[in-house]
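Colleague: show me how the following folds:
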Amino acid sequence: MFALLPVSATPASAEVRFGDNVRIGGHDASNQRFDRRKRGVYHLYRGKPRNPGCSWRSDGRGGRVKICHLQRIERR
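Modeller: Below is the predicted model of the structure:
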């Protein structure tokens with residue numbers, strides 16, 4: 001009934017690539033690439049955020065994090 005699968009000892013690595021015409025909350029996020037060293041965090045708000053825009057911060061583990069505080073663009 002249960003099949004045993006061999007488990008790999010190496011960690012998996014992944015990379016996310018945003019292609020053309022990618023939108024997050026109505027904002028253009030095209031042609032960006034993130035992996036475990038370079039990450040992205042997007043916060044979407046209905047009203048105006050206190051600190052609008054994007055900035056790069058250190059994550060304390062040798063990588064960088066792009067933090068974006070964006071106002072959601074409502075489509076009508």
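Colleague: Arg72 touches Tyr45, doesn't it?
Modeller: Yes - at 6.5 Å, Arg72 counts as touching Tyr45 under the criterion of CB atoms under 8 Å. Using the backbone N, CA and C atoms, a C-beta is placed for each residue, glycine as well.
Colleague: so which residue is dead centre in this protein?
Modeller: Gly40 (3.4 Å; CA atoms, centre = their mean).
Colleague: how many other residues sit next to Gln32?
Modeller: Residue neighbour count, defined by other CB atoms under 10 Å, stands at 15 for Gln32.
Colleague: which strands and helices lie in contact with the one helix or strand in the chain whose mean pLDDT sits lowest?
Modeller: Within the chain, confidence by mean pLDDT, DSSP states H and E is lowest for strand 16-17 among all helices and strands, at a mean of 78. Under the contact definition 3 or more CB pairs under 8 Å, 6 or more residues apart in numbering; DSSP states H and E, strand 16-17 sits against strand 33-34.
Colleague: each with direction, which strands does the strand it packs on pair with?
Modeller: strand 16-17 (antiparallel) (DSSP bridges).
Colleague: next, the nearest residue to Gly62 once chain neighbours are set aside: phi, psi?
Modeller: Nearest non-adjacent residue to Gly62, counting by CB to CB, 6 or more residues apart in numbering: Arg37, 6.9 Å away. Main-chain dihedrals, Arg37, degrees, to the nearest 10: phi -90, psi -30.
Colleague: surely Arg37 and Gly63 touch.
Modeller: Yes - at 4.1 Å, Arg37 counts as touching Gly63 under the criterion of CB under 8 Å.
Colleague: list the contacts for the residue nearest to the centre of the chain?
Modeller: Counting by CB atoms under 8 Å, 6 or more residues apart in numbering, Gly40 touches 32, 34, 65-66, 68.
Colleague: then Arg75?
Modeller: Arg75 touches Gly26, counting by CB under 8 Å, 6+ apart.
Colleague: quick one: it from Arg23, how far?
Modeller: 10 Å (CB to CB, to the nearest Å).
Colleague: perfect, I'm done here.
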